[in-house]
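Student: Got a sequence here, can you model it:
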Amino acid sequence: MENKEIEGLKKHIELQKMICKKYNSNFTPIDEKLFIGVSSNLELEPLNGLRHPKHEKMIGWYIWSGEWSDEDDFFKPLCLEHLIELKPEIIKYLGLDIGFRFLTDKKGYEDVWLDENIKELK
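Tutor: Okay, the predicted model is just below:
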C-alpha cells in the first residue's frame, strides 16, 4: 500500500470516528477483506445503509438507494475499495456500530439512528 492510500484510509477513519461521536455510537471499524452488500443501482435517492451483525463473508453493511426490494439478487457483494470509488460520501458512516442505520441524499439531508431490531438479527 502506498503512502497516499494509507493517508486516505486514516482520513476516512477520522471522519468515521467523528460521525460515531456525533450519533453516540461505538466506533466499530470494518474488516476491509470482507464485502458490503449493495443494490445494483446506487444513483437513486435516498441512499440507505444499515449495519447488520457480521456473517459469513459479509461485513454486515447493506447499502441501497430508492425503494427496498425483497428479491434474492437485490444486494450484491462489493469490496470497500470499489464502494469508496462509487460513493465516497458515505464512507464516513461505515464506522457506526451494529444496529445503526443512515439515510442521506445529494441535497445534504442526513439521518442516523440506532435500530434495536437489527441488533437482534442473526
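Student: Residues in contact with stretch 10-28: which ones?
Tutor: 29, 51, 84, 91-98, 100, 112-114 (CB atoms under 8 Å, 6 or more residues apart in numbering). For glycine as for every other residue, the C-beta is placed from the backbone atoms N, C-alpha and C.
Student: which among these end up buried?
Tutor: Applying 16 or more other CB atoms under 10 Å to the contacts of stretch 10-28, the neighbour count classes R51, I91, K92, Y93, L94, G95, L96, I98, F100, V112, L114 as buried.
Student: so which two of those residues are the farthest from each other?
Tutor: Greatest spacing in the buried ones among the contacts of stretch 10-28, by CB to CB: I91 and L114 (19.8 Å).
Student: Could you measure from the closest residue to L80 other than its chain neighbours over to L83?
Tutor: Using CB to CB, 6 or more residues apart in numbering and skipping residues adjacent in sequence, the residue nearest L80 is E32, 5.1 Å away. Applying CB to CB, to the nearest Å, the value for E32 to L83 is 11 Å.
Student: same deal with K17?
Tutor: Distance from K17 to L83, counting by CB to CB: 19 Å.
Student: Repeat that for E43.
Tutor: Applying CB to CB, the value for E43 to L83 is 14 Å.
Student: Could you do G95 as well?
Tutor: For G95 relative to L83 (CB to CB), the value is 14 Å.
Student: circling back to that earlier point, look at K17 and L83 and report which has more neighbours.
Tutor: Taking neighbours as other CB atoms under 10 Å, K17 and L83 compare with L83 leading, 19 against 15.
Student: what helix or strand does the more buried one sit in?
Tutor: Assigned by DSSP states H and E, L83 falls within helix 80-86.
Student: residues contacting P46?
Tutor: S65, G66, L103, T104, D105, Y109.
Student: just so I have it, where are all the strands in this structure?
Tutor: 35-39, 47-51, 58-65, 75-79, 100-104, 110-114 (DSSP state E).
Student: any idea which of those strands scores lowest on pLDDT?
Tutor: Mean pLDDT per stretch puts strand 58-65 lowest among the strands of the chain, at a mean of 84.
Student: what sits up against it?
Tutor: Counting by CB under 8 Å, 6+ apart, 30-31, 34-39, 41-54, 74-75, 77, 80, 83, 87, 90, 94, 98 sit against strand 58-65.
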